[in-house]
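> Let's see this in three dimensions:
(one chain, ligands or ions: 1)
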Amino acid sequence: MCGIVGYVGPRSAVDLLIPGLARLEYRGYDSAGVAFQDGDGIAVVKQAGRIADLERSLGKVEVRASNTGIGHTRWATHGVPNTINAHPHRDCTGTVIVVHNGIIENWLALKSELEGRGHEFASDTDTEVVAHLIEEMADLPLAEAVREVMRQAEGALALGVMRSTDPLLLVGGRRGSPLVVGIGDGENFLGSDIPAFLEHTRKMAVIEDDRVVAITPDSVEITDLAGNVVETTERFIEWDLEAAEKGGYATFMEKEIYEQPKAISDTLRGRINQSGMVSLEELGHLDERLREIDKVFVVACGTSFHAAMMAKYAIERWTRLPVEIDIASEFRYRDPVLDRRSLVIGISQSGETLDTLAAVRYARAQRSLLLAVSNVVDSALAREADAVLYTRAGPEIGVAATKTFTTQLVALQLIGLHLARVRGSIDEGSIMNLIKGVRQLPELVQQTLDRAGEIDAIAAKFADTRDVFFLGRSGDFPVAMEGALKLKEIAYTRAEGYAAGEMKHGPIALIDENVLVVGVATDSRVRAKTLSNLQEMKARGAMIVVLAEEGTEAEMAGVADHILTVPASPDLIGTVTAVVPLQLLAYQIATVKGLDVDKPRNLAKTVTVE
Ligand code: F6R
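Model prediction:
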């Protein structure tokens with residue numbers, strides 16, 4: 001996720017680009033840059049850090065009034081977030097300037113062809129190939145050159161392109177990543193999202209997938225990839241600025257819950273090959289060592305620890321390697337037995353959680369192999385590790401983790417299947433079947449979100465309930481733990497996640513008619529046993545909500561006061577879908593209670609103290 005803004009018109013482009021970028025900072029904020037026509041050429045100013053840092057850099061250069069410009073705020077996916085990798089990127093001659101949001105899957109192949117033809121690359125990004133490809137098409141109109149790039153590039157892209165030989169022209173292209181045009185009076189705008197230009201115009205047009213748009217001060221022309229002109233449908237924006245930043249959702253957390261299908265697709269992008277087999281370029285160089293591993297440790301905190309719980313089940317089931325999981329703050333103090341043949345996986349969306357960092361540094365000292373799962377490119381955890389799998393969820397503004405959690409689950413499933421393939425622990429056909437299930441997740445999560453309305457009545461009924469237990473077994477256990485944590489942290493309800501079979505060993509003493517039990521019973525291998533445990537709770541008076549797989553409602557009817565369903569998935573893969581109704585339940589209860597879900601009390605998004 002990154003933010004693009006573009007301007008063409010009579011005003012000074014830079015003066016409009018900077019506030020536009022600041023409005024898009026929620027889309028990414030590790031580096032930023034602008035490009036603007038400057039005499040016969042195009043000037044580029046870019047900077048690692050936030051928009052404020054870019055403004056300071058701009059203050060040090062002479063910015064001549066310019067009527068055409070593009071800007072970008074970055075959330076790194078390829079290449080560390082430094083100034084060189086910040087957008088805009090240029091071709092060899094500095095004539096073509098490009099900003100991009102998305103992932104070009106075949107960029108390595110394109111780059112090596114371009115290098116073979118003598119192009120020199122300045123950055124480690126996938127984006128830069130676009131500038132060099134357009135450089136080779138100097139004799140074509142810019143819009144046609146962008147169409148040709150879109151025909152060659154695979155993956156998700158929203159592009160903003162300018163060329164010094166075409167002053168007063170901006171060209172955008174879109175496939176998979178958002179792009180909108182702001183239509184002004186004698187001026188026009190390009191943006192990843194409406195806040196980029198909402199201060200200046202309320203008229204806009206959405207660019208559809210596989211379309212290219214050429215804008216000048218007085219015209220907006222949209223074409224398909226064959227060059228046919230497509231009719232532009234103008235819309236009027238009713239939202240105020242705050243609503244626009246949240247994409248029309250009431251809060252960032254709600255928006256992030258609804259972004260999960262896209263975030264999961266981004267996490268999967270380029271990691272499953274044409275034959276439907278897992279293919280993790282990031283881990284390829286470690287395959288030899290991965291074959292020698294005899295034990296796996298997974299360390300993390302909070303929600304990320306719940307992802308570790310799922311990883312234990314998945315990796316043990318698929319690789320038959322023993323897996324230990326640790327809350328990172330406890331890891332060092334139990335003197336774990338690690339050596340060269342241990343694989344240690346650190347999970348942290350921020351990549352900065354001090355306890356997790358301390359745990360992996362301890363493992364590093366024992367010469368273990370370190371793998372990181374993080375959402376932040378070049379985070380401290382990523383730098384510590386031998387290899388990193390980034391979750392590509394985009395920035396998460398709401399303090400409670402949602403899309404970063406489901407993408408962690410998916411990344412860990414890919415790691416488990418990669419290990420299984422490399423070690424030959426299950427046959428390729430079975431791996432491909434599981435991958436088929438993983439691939440369906442964006443669609444199944446979307447179907448689950450489409451039924452969010454079913455949760456409203458349950459949330460209203462139980463908003464004042466003081467004590468809630470979330471119970472599950474096997475793959476449903478981490479889901480129950482996460483459901484309880486979400487409810488605690490945003491709704492301030494006392495909630496416990498528990499292994500369903502463990503209740504009878506003590507906690508059942510707390511059960512009476514004032515307690516709500518949410519039973520997670522989506523894992524077909526243990527469903528009958530979970531149901532028996534829920535019967536035990538019902539017999540003691542508890543109110544029961546059951547989360548079950550579609551098609552199993554009849555089995556649940558005897559025990560459940562309310563049933564929520566999710567579409568069926570292979571065991572463990574379905575943890576991703578199952579957690580979504582519980583995110584929504586916590587969200588709705590907090591909303592009924594009138595709480596600030598984006599900034600729950602006493603919590604911080606990144607925890608850098610032990
Ligand atoms: C819960 C939550 C926290 C984090 C924990 C670890 O919604 O966000 O429990 O999961 O602080 O954070 P990371 O993943 O950044 O290490």
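
> Spell out the secondary structure type for Arg147.
Secondary structure, DSSP: H, G, I helix; E, B strand; the rest coil: Arg147 is helix.

> Check Val337 too.
Of the three states, Val337 takes coil under three-state DSSP.

> ok, it - contacts?
For Val337, the contact set (CB atoms under 8 Å, 6 or more residues apart in numbering) is empty. In this view, the C-beta of every residue, glycine as well, is placed from N, C-alpha and C.

> what about it, distance to the ligand?
Separation of Val337 from the ligand (CB to the nearest ligand atom, to the nearest Å) stands at 24 Å.

> The ligand contacts on this protein?
Listed as neighbours of the ligand in the chain under the rule CB under 6 Å from any ligand atom: 301-304, 348-350, 353, 356, 400-401, 485, 489, 606-607.

> rerun that using 8 Å as the cut-off
Selection of the chain residues close to the ligand by CB under 8 Å from any ligand atom yields 300-305, 328, 347-353, 356, 375, 381, 399-402, 404-405, 408, 485-486, 489, 603-607.

> Now Phe469: phi and psi?
phi -110, psi 140 (degrees, to the nearest 10).

> Can you say which helix or strand has the closest residue to it other than its chain neighbours in it?
Spatial nearest neighbour of Phe469, chain neighbours left out: Val517 (4.9 Å); criterion: CB to CB, 6 or more residues apart in numbering. Applying DSSP states H and E as the criterion places Val517 in strand 515-521.

> for the helix or strand hosting Ala528, the distance to its chain's centre please.
Element membership for Ala528, per DSSP H and E: helix 527-539. Distance of helix 527-539 from the chain centroid (CA atoms, centre = their mean, to the nearest Å) equals 35 Å.

> Which residues does it contact?
By CB under 8 Å, 6+ apart, the list of residues contacting helix 527-539 from outside reads 469, 471-473, 476, 500-501, 503-504, 508, 511, 515, 517, 519-521, 523, 544, 546, 548-549, 552, 555-556, 558-560.

> and the helix or strand following that helix, C-alpha only, in CSV?
On the C-terminal side of helix 527-539, the nearest following helix or strand under DSSP H and E is strand 543-549. Provided in CSV are the C-alpha atoms of strand 543-549 (Å, rounded to 0.1, in the frame of the first residue of the first chain):
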residue,chain,number,x,y,z
MET,A,543,-25.4,-18.4,27.2
ILE,A,544,-23.8,-19.9,24.1
VAL,A,545,-22.8,-18.4,20.8
VAL,A,546,-21.2,-21.0,18.4
LEU,A,547,-19.0,-20.2,15.5
ALA,A,548,-19.3,-23.1,13.1
GLU,A,549,-18.7,-24.2,9.5
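
> surely Ile325 meets Ser304?
No. Using CB atoms under 8 Å, Ile325 and Ser304 do not qualify as a contacting pair, with a distance of 10.8 Å.

> quick one: which of the two has more around it?
Taking neighbours as other CB atoms under 10 Å, Ile325 and Ser304 compare with Ser304 leading, 26 against 23.

> Got the domain ranges for this structure?
3-245, 255-439, 450-592 (automatic domain parsing).

> how far does the longest one stretch from start to finish?
Same thing as domain 3-245. End-to-end span of domain 3-245 (CA to CA, to the nearest Å): 12 Å.

> Tell me how far it lies from the chain's centre.
21 Å.

> Quick one: mean pLDDT over it.
Averaged across domain 3-245, pLDDT comes to 93.

> before we move on, what about stretch 479-488?
Per-residue scores along stretch 479-488 average to 98.

> then that stretch to CSV, C-alphas only?
This file holds the C-alpha atoms of stretch 479-488, laid out as CSV (Å, rounded to 0.1, in the frame of the first residue of the first chain):
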residue,chain,number,x,y,z
VAL,A,479,-8.9,-18.3,17.1
ALA,A,480,-10.6,-18.3,20.5
MET,A,481,-7.6,-16.7,22.1
GLU,A,482,-7.6,-13.9,19.5
GLY,A,483,-11.4,-13.4,19.8
ALA,A,484,-10.9,-12.9,23.6
LEU,A,485,-8.0,-10.5,23.2
LYS,A,486,-9.9,-8.4,20.7
LEU,A,487,-12.8,-8.1,23.0
LYS,A,488,-10.6,-7.3,26.0
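
> For that stretch, give me every contacting residue.
302-303, 306, 309, 400, 405, 468-472, 493-498, 500, 518, 520, 522, 547, 575, 578-579, 582-583, 585-587, 589.

> Number of residues surrounding Ser350?
Residues lying near Ser350 (other CB under 10 Å) number 21.

> thinking it is in contact with Ala604, fair?
No. Using CB under 8 Å, Ser350 is not in contact with Ala604, being 9.9 Å away.

> What count of nearby residues applies to Ser425?
Neighbour tally, Ser425, other CB under 10 Å: 17.

> Could I get the pLDDT score of it?
We note a pLDDT of 97 for Ser425 in this prediction.

> Kindly report the same for Val296.
pLDDT for Val296: 98.

> which SS class is it?
Relying on three-state DSSP, one would call Val296 strand.

> Show me the beta-bridge partners of it.
Val323, Leu343 (DSSP bridges).

> how near is it to the ligand?
Val296 is 19 Å from the ligand, by CB to the nearest ligand atom.

> Correct me if wrong: that residue contacts Glu324.
Yes. Here Val296 reaches Glu324: they are 7.4 Å apart, a contact under CB under 8 Å.

> Comparing the two, which shows the higher neighbour count?
Legend: neighbour count by other CB under 10 Å for Val296 and Glu324, higher for Val296 (25 against 18).

> show me what contacts that one?
Counting by CB under 8 Å, 6+ apart, Val296 has contacts Ile315, Thr319, Leu321, Pro322, Val323, Glu324, Ser342, Leu343, Val344, Ile345.

> farthest pair in those residues?
Greatest spatial distance among the contacts of Val296 (CB to CB): Thr319 and Val344, at 15.1 Å.

> burial of the residue nearest to Phe469, as a residue count?
When counting by other CB under 10 Å, one arrives at 27 neighbours for Val517.

> And for Gly284?
Here the count is done by other CB under 10 Å, and Gly284 has 12 residues near it.

> Cross the residues of the chain next to the ligand against helices and list the overlap.
Within the residues of the chain next to the ligand, residues falling in helices by DSSP state H are 302-305, 328, 356, 381, 404-405, 408, 485-486, 489.

> per-residue confidence at the residue in the stretch 301-450 of the chain positioned nearest to the ligand?
At 2.0 Å from the ligand, Gly302 is the closest residue in the stretch 301-450 of the chain, using CB to the nearest ligand atom. In the prediction, the pLDDT value recorded for Gly302 is 97.

> now swap in Arg451 and tell me
pLDDT, Arg451: 95.
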